[in-house]
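Peer 1: What follows is a predicted structure for the sequence shown.
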Number of protein chains: 2
Amino acid sequence: MESGTAFEDALSRVVWALRRAELAVQAAKEPGLRAVGVPAAHYALLVHVHLFPGLSGAELARRLGVTTQAVALLATKLEARGLLERRVHPRHRNVQELHLTDAGSEALQEADTAVLEVERRVREKLGPERHAVLRELLDEVTDELGGPSARQWTGRGQG
Amino acid sequence: MESGTAFEDALSRVVWALRRAELAVQAAKEPGLRAVGVPAAHYALLVHVHLFPGLSGAELARRLGVTTQAVALLATKLEARGLLERRVHPRHRNVQELHLTDAGSEALQEADTAVLEVERRVREKLGPERHAVLRELLDEVTDELGGPSARQWTGRGQG
DNA sequence: TGCCTATCGTCAAGCGCTTGACATGATTCA
DNA sequence: TGAATCATGTCAAGCGCTTGACGATAGGCA
């Protein structure tokens, strides 16, 4: 294993394959999302706000793996476009709950079509079983490497 | 299909699992790479220059999926640190060949240790067979979604 | 009541990357 | 030879995100 240069196989590792696949997915989603005027980052936030309405910006940031700044800037833009609504938390006056407007729900619906199309292509290419296997393997990787566990992302863990 | 909100399962899709896994991998690599003073983006360029010495900045950019600007800026920094060398192409005086210096090779070796550690953790978690399955599935996704085919990345396709 | 701590949100500065435009050099064709 | 075309590399401007610091609010404790 230590014989000579050890990284001739660098590009054939899983971590690289993962990066390539992620880049390909992003590239595949981008035109569809752009067509409906919802960049990828905006889409990600919209989905989370839809699935977990009323969360604070800081909490969203943790789930998305970005800083609170990024969420705040994004939220400002989405609010300006009328897709998102900031409400003051009833108990904590300094905290803002984020909710989707009707227009936001519509935009999300349209954007999701583009993402679903990519998911469909992958599913058709792999077939249902291997599609499911891939998801399971990816979740195990996420779990093993820590960070936000896959459970946390999909669960309704807190309110 | 149109029954109610259609994207309740958004976070359980493969495309999301892929993103989560990629984020986890990046987060897992980062501290190790930072320890040896080689950020992730620098590492990616160093690996490619090592595997395909003499490529032009534009060609590298295509393979890395970034712009020529990004490569040029990176190359400038790496050159300033003495890890990388710019040589004028013998025939095309306007083209610069990129090569690793000895210091660059050493830095790459150290940095690669951190990446290998992540790869090892994933391999141990999944076991050899499923590890290989994951790589195969990811390559198929990359192939299906087009962009730079997995072959192009690993192959010695051109010189 | 008053102090301390934690959390949330915002402001300012910096960094990395992209986009667009331009200059240079090499190849192709008339 | 001379002009058109293409690829490479660089300059300038803009955008998105991060880092660091600050003010504001709610809960814990004496």
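Peer 2: Done, it's in.

Peer 1: where do the helices sit along chain A?
Peer 2: Counting by DSSP state H, chain A has helices at residues A:14-35, A:40-51, A:57-64, A:68-80, A:102-126, A:128-144, A:150-154.

Peer 1: least reliable of the ones you listed going by mean pLDDT?
Peer 2: Note on the helices of chain A: helix A:150-154 shows the lowest mean pLDDT, a mean of 47.

Peer 1: From chain B, how far off is A:V88?
Peer 2: Distance of A:V88 to chain B, given as CB to the nearest CB, to the nearest Å: 26 Å. Heads up, the C-betas are built off the backbone N, CA and C, glycines and all.

Peer 1: Please name the residues that touch that residue.
Peer 2: Going by CB atoms under 8 Å, 6 or more residues apart in numbering or on different chains, A:V88 touches A:95-97.

Peer 1: separation between A:G37 and DNA strand C?
Peer 2: 16 Å (CB to the nearest atom of the strand, to the nearest Å).

Peer 1: Nearest spatial neighbour of A:D112, chain-adjacent residues omitted?
Peer 2: B:F7 (4.6 Å; CB to CB, 6 or more residues apart in numbering or on different chains).

Peer 1: Tell me, how many residues neighbour the one you found?
Peer 2: 18 (other CB atoms under 10 Å in any protein chain shown).

Peer 1: Wait, it touches A:H50, no?
Peer 2: Yes: counting by CB atoms under 8 Å, A:H50 is a contact partner of B:F7 at 7.4 Å.

Peer 1: anything in contact with each of the two?
Peer 2: Shared contacts of B:F7 and A:H50 (CB under 8 Å, 6+ apart): A:L108.

Peer 1: quick one: contacts for the residue nearest to A:D112?
Peer 2: A:47, A:50, A:108-109, A:112, A:116.

Peer 1: And those, which two are furthest apart?
Peer 2: Greatest spatial distance among the contacts of B:F7 (CB to CB): A:H50 and A:L116, at 14.5 Å.

Peer 1: And A:G146, how close does it get to B:V25?
Peer 2: Between A:G146 and B:V25 the distance is 11 Å, computed by CB to CB, to the nearest Å.

Peer 1: Mind checking which of those two has more residues around it?
Peer 2: B:V25 (26 against 11).

Peer 1: Go through stretch A:64-78 and flag the buried ones.
Peer 2: A:64-66, A:70-71, A:74-75, A:78 (16 or more other CB atoms under 10 Å in any protein chain shown).
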